[in-house]
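Student: Need coordinates for the following:
(one chain, ligands or ions: 4)
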Amino acid sequence: MPLRRCISSSSWSVLVLILVFTGLAIAFSSGWVAEEPLAGTIAFVSDRDGNKEIYLMNADGSDQRRLTHGPASDDSPSWSPDGAEIVFMYRERFNWDLWLMSADGTNRRPLVATPAGDWECAWSPDGERVVFSSNRDGDSELYVIDIESGALTQLTHDTFAFDGLPSWSPDGERIAFTSDRSSNWEIYVMRADGSDLRQLTDHSSADFFPAWSPDGRAIAFVSERDGNEEIYVMDTDGGNVRRLTNSEGKDWWPTWSPDGARIAFASDRSGNEDIYVMNVDGSNVVRLTTNESTDTSPAWRPVTEP
Ligand SMILES: [Ca+2]
Ligand SMILES: [Ca+2]
Ligand SMILES: [Ca+2]
Ligand SMILES: [Ca+2]
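Tutor: Numbering: from 1, shown residues only. Ligands and ions are numbered 1, 2, ... in the order given. So this is what the prediction gives:
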């Protein structure tokens with residue numbers, strides 16, 4: 001092989017190698033290679049079949065399937081920590097109760113059934129209790145029920161305030177919730193026995209819907225402080241507030257992926273409510289439902305394996 005041709009051939013190889021490595025470096029630095037697929041299962045509520053029913057879908061929006069059937073309204077699903085069961089709001093005629101079912105929709109049975117309104121439930125991380133709100137004593141207060149024994153503990157005692165929308169810390173030690181005890185809706189946190197109450201947000205607009213991150217270090221929430229409902233995240237002491245969404249529609253119902261990398265939420269930005277998912281920094285928004293009815297109340301299953 002002539003010397004000149006040999007040199008140009010090896011230069012070409014070096015150039016190709018440089019281009020390949022540069023491309024890989026750009027791909028890694030832009031995060032493109034690190035993007036994980038949307039994994040797991042999301043429960044949600046839709047009235048696409050006539051009244052509010054609970055559905056499941058894969059976290060990429062595929063395989064949407066109905067879990068509940070019948071004339072009653074089924075709403076606000078919350079998963080057991082092992083992903084085997086769902087507690088949800090159930091309304092026959094005009095009264096809301098709390099029911100349990102297996103994740104395949106079987107084994108439906110009441111957990112809390114009183115003539116009062118019983119709403120907004122969240123399963124404890126140890127799997128043994130459910131926190132919920134109820135107006136059984138006149139106005140909305142938070143209660144915890146032991147699933148096995150039925151023993152009830154009242155957590156809040158402010159008879160002039162709405163207290164609701166609870167979210168457990170992943171270690172089970174604390175419960176974040178929404179209250180209007182300081183004249184407008186703010187997010188508060190207390191120990192799981194109701195003691196050591198602290199106010200986390202302090203803004204004249206409505207702040208509500210706390211959702212504790214799986215690593216326990218952040219709380220997602222909804223606020224109207226920038227004009228309409230947007231999703232924000234803050235540290236668990238109320239500091240370091242960051243806005244994640246920016247749409248003219250209502251963005252609410254945040255729910256974290258089990259790995260803490262994404263947040264699914266409901267939004268009516270397209271004209272009717274649908275489920276969306278975004279990275280935890282607000283980037284890469286993906287729409288998961290496209291049905292023209294109301295699709296809302298997403299709850300990401302806390303485990304990803306079947
Ligand atoms: Ca109250
Ligand atoms: Ca506020
Ligand atoms: Ca918005
Ligand atoms: Ca829809």
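Student: Could you tell me which residues of the stretch 151-300 of the chain lie near ligand 2?
Tutor: 184, 186, 203, 207 (CB under 5 Å from the ion). Glycine gets a C-beta too; all of them are placed from N, C-alpha and C.
Student: Mind checking which of those are in strands?
Tutor: Using DSSP state E, the members of those that fall in strands are 186, 207.
Student: And the residues of the stretch 151-300 of the chain next to ligand 2, which is closest to residue 223?
Tutor: residue 207 (4.6 Å; CB to CB).
Student: for the helix or strand harbouring residue 43, packing partners?
Tutor: Per DSSP states H and E: residue 43 is located in strand 41-46. If you count contacts as 3 or more CB pairs under 8 Å, 6 or more residues apart in numbering; DSSP states H and E, strand 41-46 packs onto strand 53-58, strand 73-79, strand 295-300.
Student: what's the nearest residue to the residue in the stretch 101-250 of the chain that ligand 3 sits nearest to if we skip its chain neighbours?
Tutor: Of all residues in the stretch 101-250 of the chain, residue 247 sits closest to ligand 3, at 4.2 Å by CB to the ion. Leaving aside its chain neighbours, residue 247 sits nearest to residue 269 (4.1 Å; criterion: CB to CB, 6 or more residues apart in numbering).
Student: Contacts only, for that neighbour.
Tutor: By CB atoms under 8 Å, 6 or more residues apart in numbering, the contact set of residue 269 is 247-249, 251.
Student: Which one (most neighbours) among these?
Tutor: The residue in these with the most neighbours, by other CB atoms under 10 Å, is residue 251 (24 neighbours).
Student: ok, that one - contacts?
Tutor: Residues near residue 251 by CB under 8 Å, 6+ apart: 222, 229-231, 245, 265-267, 269.
Student: and the gap between it and residue 195?
Tutor: 33 Å (CB to CB, to the nearest Å).
Student: Count the residues that sit near the nearest residue to residue 201 once chain neighbours are set aside.
Tutor: Using CB to CB, 6+ apart and skipping the chain neighbours, the partner closest in space to residue 201 is residue 207 (4.0 Å). Neighbours of residue 207 under the rule other CB under 10 Å: 25.
Student: any residues touching stretch 120-129, and which ones?
Tutor: 76, 78-82, 85, 87-89, 98, 130-133, 144-148, 164-172, 175, 192.
Student: buried stuff in stretch 284-304?
Tutor: Across stretch 284-304, burial judged by 16 or more other CB atoms under 10 Å covers 285, 288-289, 291, 294-302.
Student: how many other residues sit next to residue 232?
Tutor: 22.
Student: all helices in the stretch 1-150 of the chain, in order from the N-terminus.
Tutor: In the stretch 1-150 of the chain, the segments counted as helices under DSSP state H, counting those that start in this stretch are 3-29.
Student: now residue 146, nearest residue through space, not along the chain?
Tutor: Of all residues not flanking residue 146 in the chain, residue 129 sits nearest, at 5.5 Å (CB to CB, 6+ apart).
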